[in-house]
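*Asks:* what shape does this take:
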Amino acid sequence: MKRIHNFNAGPAALPLPVLERAQREFIDFEGTGMSLLEHSHRGKAYDDVHNEAIALLRELMGISDDYHVLFLQGGASLQFCMIPMNLVPKGGSADYVLTGTWAKKALQEAERLGVGRLAGTSEKDGVFPRIPKQGALDLDGNAAYLHITTNNTIAGTQYHNFPDPGSVPLVADMSSDILWRPIDVSKFGLLYAGAQKNIGPSGVAVVVVRKDLVDSARTDLPNFLRYSIHASKNSLYNTANTFGIYMIRNVAAYLKELGGLGKVEEMNRAKAKLLYDMIENNSDFYRCPIEPESRSMMNVVFRLPSEELEKKFIADGLAAGLNGLKGHRSVGGCRASIYNAVPMAAVEALVAFMGEFQKKA
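*Replies:* Numbers count the residues shown, from 1 in each chain. I've put the predicted structure just below:
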């Protein structure tokens, strides 16, 4: 078996032990004579997996009983409208900080509903080179919530200190950096993440939402769009993405076995440092356009002296077993997504390749 190094932004790398476990259990799940894909979402075999996934996330993230943990469909994109529909009362509004493409999509959905208000942005000449500081935000004390995108996969920026929303709930899209380090969940009213970057495969959104927000949410919505309905049914209002949640369970179990999120953060920071040091130490050839204090630990973006060299770098990298180094089509350049599942060996291979490529250029 030959596996290459995967730097895709999402769907992204999964831990090899997690994939191997799924392979072992795929045909005959825990001696039942059936694949988990064939089990009823209301049967005991799947029910145990479902509840264990919730319990493991609670343990890893320190989620108290004041919060629901939900597994929903529609990805983070559905949450862009579901959050304001549930949490913004009639006549109200919500604040949004614009830090990249996905933050903009969230704001646009809220604006479509007539409730989105721009509270701050880091946009400069069409790009987002930094995370805005607290003092640059124009916060409405009467807003239903303040929404941020904690890591911006395209821009390559990340919040290293979350803003203080004052008396309103903080809502966060953590699709690309959930579980990368320990956080204080109690600082958030709601956090959500599409699973396909740092926690599992595509097709599941994890939503952690404070129970009092669910209790006070609007009820004049279709049932499928109501958090209260999904919470009351333990995320089984409709047929769940059973395999996706099974994989989330396995990823969470793997991270626990590694030593928890403190150990995961240590590993992630070491990977990011190695790559950023390579870029900074060779700044006559590689350049990171992001201000240092805003640089992402998950998505490292960089440029080469010309677009022609960038195209060759990406092609030669793929030939060398380094997949997914092309920057997003909206910004160009190069990007290495180094999520939890990307091992240090992959980053070391990338850094070695960068050195050799520079010598030959």
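*Asks:* now stretch 65-74: buried residues?
*Replies:* Neighbour counts over stretch 65-74 (16 or more other Cβ atoms under 10 Å) mark 67-74 as buried. In short, each C-beta sits where N, CA and C put it, glycine included.
*Asks:* turn the residues you listed into a markdown table, including pLDDT.
*Replies:* A markdown table is the format used below for the buried residues of stretch 65-74 (pLDDT from 0 to 100):
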| residue | pLDDT |
| --- | --- |
| Tyr67 | 99 |
| His68 | 99 |
| Val69 | 99 |
| Leu70 | 99 |
| Phe71 | 99 |
| Leu72 | 99 |
| Gln73 | 98 |
| Gly74 | 97 |
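*Asks:* got JSON lines for the residues you listed, with secondary structure and distance to Glu59 too?
*Replies:* Listed next are these as JSON lines, based on DSSP: H, G, I helix; E, B strand; the rest coil; distance: Cβ to Cβ, whole Å:
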{"residue": "Tyr67", "secondary structure": "strand", "distance to Glu59": "13"}
{"residue": "His68", "secondary structure": "strand", "distance to Glu59": "16"}
{"residue": "Val69", "secondary structure": "strand", "distance to Glu59": "11"}
{"residue": "Leu70", "secondary structure": "strand", "distance to Glu59": "17"}
{"residue": "Phe71", "secondary structure": "strand", "distance to Glu59": "16"}
{"residue": "Leu72", "secondary structure": "strand", "distance to Glu59": "21"}
{"residue": "Gln73", "secondary structure": "coil", "distance to Glu59": "24"}
{"residue": "Gly74", "secondary structure": "coil", "distance to Glu59": "26"}
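*Asks:* wait, which of those residues is closest to Ile27?
*Replies:* Phe71 (24.2 Å; Cβ to Cβ).
*Asks:* can you pull the contacts of that closest one?
*Replies:* Counting by Cβ atoms under 8 Å, 6 or more residues apart in numbering, Phe71 touches 50, 53-54, 204-207, 235, 240-241, 244-245, 248.
*Asks:* compute the first-to-last residue distance for stretch 26-33.
*Replies:* Distance across stretch 26-33, first residue to last, is 10 Å (Cα to Cα, to the nearest Å).
*Asks:* pLDDT on it, on average?
*Replies:* Per-residue pLDDT values over stretch 26-33 give a mean of 98.
*Asks:* run the chain-centre distance for that stretch.
*Replies:* Mean C-alpha position of stretch 26-33 versus that of the full chain (Cα atoms, centre = their mean, to the nearest Å) differs by 31 Å.
*Asks:* can you give the contact residues for it?
*Replies:* Outside stretch 26-33, the residues touching it (Cβ under 8 Å, 6+ apart) are 34-36, 39, 45.
*Asks:* tell me the buried residues in that stretch?
*Replies:* Phe29.
*Asks:* and the buried ones among the contacts of stretch 26-33, selectable in PyMOL?
*Replies:* This is the PyMOL syntax for the buried subset of those, where burial follows 16+ other Cβ under 10 Å:
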select buried, resi 36+39+45
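*Asks:* list the contacts for the nearest residue to Asn151 once chain neighbours are set aside?
*Replies:* Nearest residue to Asn151 in three dimensions, chain neighbours excluded: Asp177, at 3.8 Å (Cβ to Cβ, 6 or more residues apart in numbering). Residues in contact with Asp177 (Cβ under 8 Å, 6+ apart) are 150-151, 158, 198, 296-298.
*Asks:* tell me the spacing between Asp177 and Lys312.
*Replies:* Going from Asp177 to Lys312 by Cβ to Cβ, to the nearest Å gives 30 Å.
*Asks:* one step back: possible to save the contacts of Asp177 as TSV with neighbour count and secondary structure?
*Replies:* Listed next are those as TSV, based on neighbours: other Cβ atoms under 10 Å; DSSP: H, G, I helix; E, B strand; the rest coil:
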residue	neighbour count	secondary structure
Thr150	26	coil
Asn151	29	strand
Gln158	23	strand
Asn198	27	coil
Ser296	27	coil
Met297	21	coil
Met298	26	coil
